[in-house]
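got a sequence here, can you model it:
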Amino acid sequence: MQQMTKNMRNEAYSELRYRIMHNKFIPGQKISEKTISEELGIGRTPVREAIIRIERDGLIDVIPQSGTYISQIDMEKAKDARFVRQNVEVEIMLETTAKMTDAAYHEQRVNLREQAVAIQKEDPDTFFDLDEAFHHRFYTVAGRDNIWDWLQTVNMQLNRFRWIRLKVNTLNWQTILQQHENLLDVVYRRDLEDVRFQTTAHLRLMLQERKYLLDKFPGYFMNVGPGDKTDLDI
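Predicted coordinates:
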């Protein structure tokens, strides 16, 4: 019974977190424990405990005598996460270059073909998940899965930002796919200088386009700095 309760609590947490990260619940939206419980088919106690965990993650704001709201995307934390990930991932990719196998390369090629299909279908959920899997695979090849897991906590606000980007029609998904193609190519060719360049260019793209998102979804963001609404690099 205790294990069953734990499983329901984890299921409620995973599903609620997924919906927030994939913008099924939008920033600022009010949610209720009762509605989520009914939608998930899970008792209110596990849902309540999941909401507490999600609040600690910074994805939910519980306002006394008002309600529970999906938090806005924190631009300061998103930019800090991009900085951390860029500096870590360059080193990961360099390690991967020395360890990349033909089998891992071909797995990544399959992932890229699936990304192309997701683009054709205009399926942001699948594209985002494939994007994550593509990057994660490099960490696995480098033997750095623990670092990938640690980064998931740091990256939450950045990943929310990245998913929102997929909602803007004027920002071409093909740009991301082409950069993924370039990354895989330079890693497989073991071109260390280009690995550094391509990794940095790709991870800087995540927030270079922030002005468009801020203009399109002004109510989705908090801690927006003066430079965020310009085309200046960060």
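
got the buried residues for stretch 96-105?
T96, T97, M100, A104 (16 or more other CB atoms under 10 Å). (Each C-beta comes from the backbone N, C-alpha and C, glycine too.)

the longest helix in this structure is where?
Using DSSP state H, we find that the single longest helix of the chain is helix 75-99.

what are the contacting residues of that one?
For helix 75-99, contacts defined as CB atoms under 8 Å, 6 or more residues apart in numbering pick out 58, 135, 138-139, 141-144, 147, 151, 154-158, 160-161, 183, 187, 190, 192, 195-196, 199-200, 203-204, 206-207, 210, 221-225, 228, 234.

roughly how far apart are the residue nearest the centre of the chain and D194?
Closest to where the C-alpha atoms of the chain average out (CA atoms, centre = their mean) is N159, at 2.6 Å. Applying CB to CB, to the nearest Å, the value for N159 to D194 is 26 Å.

for the nearest residue to the residue nearest to the centre of the chain once chain neighbours are set aside, give its distance to L94.
Spatial nearest neighbour of N159, excluding adjacent residues (CB to CB, 6 or more residues apart in numbering): M21 at 6.0 Å. Note on M21: its distance to L94, by CB to CB, is 28 Å.

and for G225?
Remark: distance between G225 and L94 (CB to CB) = 31 Å.

the two: which has the busier surroundings?
L94 (16 against 11; other CB atoms under 10 Å).

from F217, how far off is that one?
Using CB to CB, we find L94 at a distance of 35 Å from F217.
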